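Q: only geometry, no sequence info:
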């Protein structure tokens, strides 16, 4: 957006004046896509505090997508009390994360490749991304 901002010292008022009309376009520059997907897999059910040793960090090739699918690069994951519940071997509103599975979590990411009419490259999406890069 092209916007000129002028501040007045008296009263700390700020006035905004657009030049040649506002340009509301947003340009998203995505970093080069890694060829490696880093994933945190639940290794053991934590006893007491959660420790690094409760997880395995695994590096694999970035998954290939099929028709109708999109590939998301996770930028943010949710760390909340529900994660601890999912690590335990007890029933809940969702089943526990199985040993050897990617740790479940909500997340936010950008579409980096798409073979779906529903998702465009660069689009911001959210959902169950898990503790993984792609």
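A: Great, that's in hand. Predicted model, so just to flag it, every value in this text is computed and none were measured.
Q: and the strands in this protein?
A: 4-7, 14-17, 36-42, 55-61, 70-77, 106-114, 124-128 (DSSP state E).
Q: neighbouring strands for the last one, and are they parallel or not?
A: The reference is to strand 124-128. Here strand 124-128 has these sheet partners by DSSP bridges: strand 106-114 (antiparallel).
Q: give me the mean pLDDT for the strand it pairs with.
A: Throughout strand 106-114, pLDDT has a mean value of 96.
Q: for stretch 45-56, same thing?
A: pLDDT averaged over stretch 45-56 gives 95.
Q: which parts of that stretch are buried?
A: 54-55 (16 or more other Cβ atoms under 10 Å). Bear in mind the C-beta positions are built from the backbone N, C-alpha and C, glycine included.
Q: what about it, how long is it end to end?
A: 12 Å (Cα to Cα, to the nearest Å).
Q: rank the strands of the chain by pLDDT, which is bottom?
A: strand 4-7 has the lowest average pLDDT among the strands of the chain, namely a mean of 32.
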